[in-house]
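In: The following comprises the amino acid sequence and a computationally predicted model.
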Amino acid sequence: MTLLELIIASAILLVLASAAVPGLRFTIIREKENQLHRTLREIRNAIDKYKDYSDRNLIRVEVGSEGYPPDLETLVKGVNLGDSGGRKVRFLRRMPVDPMTGQTEWNLQAVQDDPDSTSGGGRNIFDIHSKSQGTALDGTRYAEW
């Protein structure tokens, strides 16, 4: 009788475990998507802060740059405040990792680029997107976020 009970209990556990696995997979994907939203918000806030500093003439920017950072490394390395060059302000502590690709490479959109461009050929970065070609749980593409 105990062998039969053991087989039935194992079968019930197998059915319950197989029902839980897809839910766990979606939970992991959803967490990565939330992490991507947070990372994009962090980088975009750093770009906006850089632009704000340049608009208030707190940092020196190149002529014709429209006050946007030339690249993402500038946000990490920092720029000197004012003309003295004594104090440096950094807008990001480190280059954030794209949770979908696992790398620190991003699609950059510059002021000079076409609105639909994903190449990021310009030097005045005002927006950023994931390089992932995957589709989110809501049906949108990560590269469009």
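Out: Everything's here; your move.

In: Past the helix or strand of the chain with the lowest mean pLDDT, which element shows up next along the chain?
Out: The least trusted helix or strand in the chain, going by mean pLDDT, DSSP states H and E, turns out to be strand 107-110, with a mean of 85. Scanning forward in sequence from strand 107-110 by DSSP states H and E, the next helix or strand is strand 125-129.

In: Tell me the backbone dihedrals of Arg141, please.
Out: phi -90, psi 140 (degrees, to the nearest 10).

In: quick one: contacts for it?
Out: Contact analysis of Arg141 by Cβ atoms under 8 Å, 6 or more residues apart in numbering lists 133-135. Glycine gets a C-beta too; all of them are placed from N, C-alpha and C.

In: just those residues now: which is nearest Pro96?
Out: Gly134 (17.9 Å; Cβ to Cβ).

In: Go ahead and confirm that closest one touches Tyr142.
Out: Yes. Using Cβ atoms under 8 Å, Gly134 is in contact with Tyr142, at 5.4 Å.

In: Give me the common contacts of these two.
Out: Met100.

In: so where is this structure shaky, pLDDT-wise?
Out: 1, 83-85, 113-122 (pLDDT under 70).

In: For it, which segments are assigned as helices?
Out: Listed in chain order, the helices found in the chain under DSSP state H are 2-55, 72-77.
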